[in-house]
Each structure stands twice: as structure tokens, then as C-alpha cells.
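Chemist: No sequence on hand, only this structure:
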């Protein structure tokens, strides 16, 4: 986990464990021609995310737009991802063009994570 989100204990633990598993699994299956990659999407405009901001706006007595602004305020691109943007990156990773990519984690978050390692 490069930069855990506040209040995201379970997510941080899961993502860290998944990254370690990918590294280990990639080394084990690479001799068989199998590649393993870990994708970590950031905030993405899905139905689930829409439900979350609607729920937060009701709870916080704010508008949905205000809650969306809160979500994207620390994303340098100034918006959340569209699902197809995550899918496009995954399609690339699954393609022969990414044939030398294995044991890696790809963060797709519009620049939100500032860690450099």
C-alpha cells in the first residue's frame, strides 16, 4: 500500500496483501509463461460510487455535487475515472503489448497517490 486513505483500514490491509500475493505468485508462475499484474483503481464513477456520494450527501446535509467535489479535490486530474478508463488499462495489461509486465502494481487514480516507491 503506497498511501492508505484515512478510515480505510480494511482496504489498506487488503491492498497490501494483494500486492504481496501478486509479487509472489508472479515469480512462481512466470516460468510457465503466466503473467500476474495488480491493478489499483482510484475513485471511479460507478453506480456504487454514485450510491456512496448520494448517501453521504443525505447524511451530511450536502448536495451530491459537493460530495463529488470532496472526493475529487485531491485528484490532480480533477475528476474521478470513468469505468472504461480502468478497463482500457486492464485490456492493455492483458494484451501481448504488455508481454514483459508481471509482478507489478498499476495504480490508476488520476495522480491521487503521491508516493514515489
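Modeler: Sure, I can see it. For clarity, every value in this text was computed on a predicted model and none was experimentally measured.
Chemist: State the pLDDT value of the residue nearest the centre of the chain.
Modeler: In the chain, the C-alpha closest to the average C-alpha coordinate belongs to residue 41, at a distance of 1.6 Å (C-alpha atoms, centre = their mean). The predicted local confidence for residue 41 comes out at a pLDDT of 92.
Chemist: Show the contacting residues for it.
Modeler: The neighbours of residue 41, taking C-beta atoms under 8 Å, 6 or more residues apart in numbering as the test, are 81, 86, 108, 109. To be clear about C-beta, it is placed using only N, CA and C from the backbone, and glycine gets the same treatment.
Chemist: For it, give the beta-bridge partners.
Modeler: In this entry, residue 41 is beta-bridged to residue 108, by DSSP bridges.
Chemist: distance of it from residue 8?
Modeler: As judged by C-beta to C-beta, to the nearest Å, residue 41 and residue 8 stand 14 Å apart.
Chemist: do residue 24 as well
Modeler: Noted for residue 24: a distance of 23 Å to residue 8, by C-beta to C-beta.
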